[in-house]
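In: Here's a sequence, model it:
(one chain, ligands or ions: 1)
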Amino acid sequence: MIDIRGLTKRWPGADRNSVSDVTLAVPEGTSCALIGPSGSGKTTLLRMVNRLVEPSAGSIRIGGEDALRMDAVSLRRRIGYVIQDVGLFPHWSVAANVATVPRLLGWDAARIARRVEEVLALVGLDPARFAERRPHQLSGGERQRVGVARALAGDPPVLLMDEPFGAVDPVVRGRLQEEVLRLLKQLRKTVLIVTHDVAEAVRLGDAVALLRDGRLVQHAPAAEMLAQPADGFAAEFLGADRLLLRLSLFPLSALPARTEPAPGTPLPVDATLRDALAALLAAGATTLPLAGGGSLALDDLLAFAAAR
Ligand SMILES: Nc1ncnc2c1ncn2[C@@H]1O[C@H](COP(=O)(O)OP(=O)(O)OP(=O)(O)O)[C@@H](O)[C@H]1O
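Out: Residues are numbered from 1 along each chain as shown. From the prediction side, this is the model:
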């Protein structure tokens with residue numbers, strides 16, 4: 001769905017490329033998280049996709065169409081864009097902000113009103129309470145929800161997100177990540193998301209693309225990248241706890257349950273393998289019962305983590 005080939009950006013007067021020969025495909029209905037150190041070119045790459053930055057070389061196809069030949073304004077109406085500081089119009093109500101793209105698309109007033117209610121509800125904001133407020137009457141987390149609602153309002157097939165949860169505290173951030181993840185899957189959007197947070201990247205990205213100095217170091221499914229970093233730089237960037245993080249991507253059902261019973265508090269069915277490891281450590285146990293029947297053994301969990 002998003003097909004990027006040989007994409008390069010050299011800013012005028014710069015002595016090197018900010019993005020260098022990046023080839024990357026994001027299949028329809030999937031998400032890819034762009035990670036990398038500060039200055040590695042993540043935002044520049046993202047902003048080339050909706051032509052806020054014009055590439056120096058390379059091609060971008062969206063849904064098979066050449067994005068570089070399309071009119072930039074109509075291209076942007078087909079691509080939702082969510083940024084860290086949200087960029088809401090301060091004097092407009094939440095409803096008016098969310099209606100920006102539907103209005104540009106020329107929808108009639110009744111359709112716009114229905115859509116605004118629908119997307120506000122989708123992002124967990126009660127339209128009756130929030131539609132008429134101004135941005136300064138919202139919390140940071142609520143503002144970011146409005147940003148997501150606005151990006152979804154025109155029902156674009158593609159969503160670009162640049163540190164969308166960067167400005168909120170860790171608790172709100174976790175909840176927003178969870179909800180947005182569920183929503184994007186449900187709506188089958190094709191998503192490119194910039195983050196500097198590895199945990200957020202593997203949580204939100206089906207695939208992860210790692211940049212260094214504008215070049216793509218590795219592009220792989222999240223669990224694969226955590227298990228097999230391409231080089232020393234990738235291993236260091238992903239962090240010493242990467243195998244632990246990888247366990248958080250798998251449900252309990254990834255391991256065959258043992259049939260023998262075990263004492264202790266049962267692990268809930270929706271626990272991840274990382275939750276299971278935490279519970280085993282907390283209980284000082286080598287096995288724990290599963291709420292769904294049978295038991296889980298520490299040995300099996302460690303073998304799974306080491307097998308990659
Ligand atoms: N408008 C611009 N003009 C000139 N150079 C720019 C411009 N925007 C970005 N750059 C340069 O391009 C490089 C990549 O910047 P970019 O913002 O894409 O990195 P990033 O990985 O998103 O960083 P961060 O995580 O800090 O946001 C940097 O060296 C930056 O200084």
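In: ok, residue 48 - contacts?
Out: 7, 9, 19, 54, 55, 60 (CB atoms under 8 Å, 6 or more residues apart in numbering). (Glycine included, C-beta is placed from N, CA and C.)
In: Leaving out sequence neighbours, find the closest residue to the residue of the chain positioned farthest from its centre.
Out: Distance from the centre of the chain peaks at residue 260, with 39.3 Å (CA atoms, centre = their mean). Nearest non-adjacent residue to residue 260, counting by CB to CB, 6 or more residues apart in numbering: residue 295, 6.1 Å away.
In: roughly how far apart are the one you found and the ligand?
Out: 44 Å (CB to the nearest ligand atom, to the nearest Å).
In: For that residue, list the residues it contacts.
Out: 257, 258, 259, 260, 261, 262, 287, 288, 289.
In: what's near enough to touch residue 303?
Out: By CB under 8 Å, 6+ apart, residue 303 has no neighbours at all.
In: so which helix or strand takes in it?
Out: Assessed by DSSP states H and E, residue 303 sits inside helix 298-307.
In: so what's residue 168 scoring on pLDDT?
Out: For residue 168, the pLDDT comes out at 72.
In: Pretty sure residue 141 is one of the things it touches, is it not?
Out: Yes - using CB atoms under 8 Å, residue 168 makes contact with residue 141 at a distance of 4.8 Å.
In: Could you list the domains of this protein?
Out: With domains defined by automatic domain parsing, the chain comprises 2-240, 250-307.
In: What residues sit buried inside the lengthiest helix in the chain?
Out: Longest helix in the chain, counting residues (DSSP state H): helix 170-187. For helix 170-187, the neighbour count (16 or more other CB atoms under 10 Å) marks 172, 173, 176, 177, 180, 183, 184 as buried.
In: what do you get for stretch 215-223?
Out: Buried, per 16+ other CB under 10 Å, within stretch 215-223: 216, 217, 218, 219, 220, 222, 223.
In: right, and the fifth one touches residue 207 too?
Out: Yes - using CB under 8 Å, residue 220 and residue 207 qualify as a contacting pair, with a distance of 6.5 Å.
In: Now intersect the buried residues of stretch 215-223 with the strands, please.
Out: 216, 217, 218, 219, 220 (DSSP state E).
In: May I have the residues that are in contact with the first one?
Out: What it means is residue 216. Here residue 216 is in contact with 22, 23, 24, 209, 210 (criterion: CB under 8 Å, 6+ apart).
In: which of those residues are buried?
Out: For the contacts of residue 216, a burial check counting by 16+ other CB under 10 Å picks out 22, 24, 209, 210.
In: Output these in CSV; the columns should cover pLDDT, distance to residue 2 and secondary structure.
Out: Converted to CSV, the buried ones among the contacts of residue 216 look like this (pLDDT from 0 to 100; distance: CB to CB, whole Å; DSSP: H, G, I helix; E, B strand; the rest coil):
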residue, pLDDT, distance to residue 2, secondary structure
22, 98, 12, strand
24, 97, 8, strand
209, 98, 11, strand
210, 98, 17, strand
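In: Please determine how far the spatially most central residue of the chain is located from residue 24.
Out: The residue lying closest to the centre of the chain (CA atoms, centre = their mean) is residue 204, at 3.7 Å. Relative to residue 24, residue 204 is positioned 16 Å away (CB to CB, to the nearest Å).
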